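# build me a model:
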Amino acid sequence: QVQLQESGPGLVKPSQTLSLTCTVSGGSITTNYDYWSWIRQPPGKGLEWMGAIGYSGSTYYSPSLKSRTSISRDTSKNQFTLQLNSVTPQDTAVYYCARADGSTLSYDYWGQGTQVSVSS
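Numbering: from 1, shown residues only. Down below sits the predicted model:
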């Protein structure tokens, strides 16, 4: 059973960098064809895909966030990390990490989500 757990600060000040880590257990982030994503949900809004890192280390970003987003990984720790620069209150959301099965292109495992608020 694959499990994902988000971690990071719950409060970030405007203009700073939001940094979250997803720790994966029960599976490897280098397993062929799996993609590891960051998805967020602002209050009262739908889910927004932010980006992903693939099993080979390739990264993919939402065009609307690409200029501010970086996703990286530490294979020795089986973790992947989100950095979102220059945050504003509009970046307040619940942030999820999730696995997409490359063979089905469906999200089959999710973290529980972590609330991040952007406020001074």
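# list the buried residues for stretch 67-75?
Buried residues in stretch 67-75, counted by 16 or more other Cβ atoms under 10 Å: Arg68, Thr69, Ile71, Arg73. The C-beta positions use only the backbone N, C-alpha and C, and glycine is treated the same way.
# could I get the contacting residues of the second one?
Looking back up the chat, that one is Thr69. By Cβ atoms under 8 Å, 6 or more residues apart in numbering, the residues touching Thr69 are Met50, Gly51, Tyr61, Ser62, Leu82, Gln83, Leu84, Asn85.
# so what's it scoring on pLDDT?
For Thr69, the model assigns a pLDDT of 98.
# just Pro89 next, same as before
For Pro89, pLDDT reads 97.
# residues near the residue nearest to it when sequence neighbours are not counted, how many?
In this structure, Pro89 finds its nearest non-sequential neighbour in Val118, 5.0 Å apart by Cβ to Cβ, 6 or more residues apart in numbering. A count of nearby residues for Val118, using other Cβ atoms under 10 Å, gives 19.
# how close does Val118 sit to Ser37?
Val118 sits 21 Å away from Ser37, going by Cβ to Cβ, to the nearest Å.
# again, but for Ile71
For Ile71, the distance to Ser37 - Cβ to Cβ - is 9 Å.
# now do the shared contacts for these two.
Contacts common to Ile71 and Ser37, judged by Cβ under 8 Å, 6+ apart, are Gly51, Ala52.
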